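Participant: Here is my input; please provide its structure:
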Amino acid sequence: MSDGKPSFVPLKSLRRGAPSAQQALADIRTIYFSTTKRTIHHDLAHAIGLLKALPTEEDREKARVYMDGLAQLRTEWGGTSGTSGESGRSGKAGGRSGDKKKGAPER
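Facilitator: Predicted coordinates:
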């Protein structure tokens, strides 16, 4: 981090109101190129907020490639944010429903 660049994109847009479409697209692009394994969940949430602020479908389509890239990075770098070993809304630890656990009685 000695190059002087921040390791995350600041949430300036929240303090000064909604950014213009061009600024939001530029911010999403910056987020994509500067995200790290440590910041991916925060960066993706920020990019989604910016995407929602885009006024037209054409603008959202321009951001799509960066959003897809961020989603792929999140998948590669650790999946969803949550407690390890929990799955979905139920909070039950993983495994497919057909898997048998050690010591579990046969049905």
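
Participant: helix/strand/coil for Gln72?
Facilitator: helix (DSSP: H, G, I helix; E, B strand; the rest coil).

Participant: and it, what does it touch?
Facilitator: Residues in contact with Gln72 (CB atoms under 8 Å, 6 or more residues apart in numbering): none are found. For the C-beta atoms, the positions are set from N, CA and C on the backbone; glycine is no exception.

Participant: got any ranges where the chain has weak pLDDT?
Facilitator: Counting by pLDDT under 70, the chain has low-confidence residues at 1-17, 79-107.

Participant: Now with 90, please.
Facilitator: Residues of the chain meeting the criterion pLDDT under 90: 1-19, 77-107.

Participant: residue boundaries of the helices in it?
Facilitator: 12-15, 21-34, 40-53, 57-76 (DSSP state H).

Participant: I'd like the distance between the residue nearest to Asp43 when sequence neighbours are not counted and Ile48.
Facilitator: Leaving aside its chain neighbours, Asp43 sits nearest to Thr35 (4.2 Å; criterion: CB to CB, 6 or more residues apart in numbering). Plainly put, Thr35 is 13 Å away from Ile48 if you go by CB to CB, to the nearest Å.
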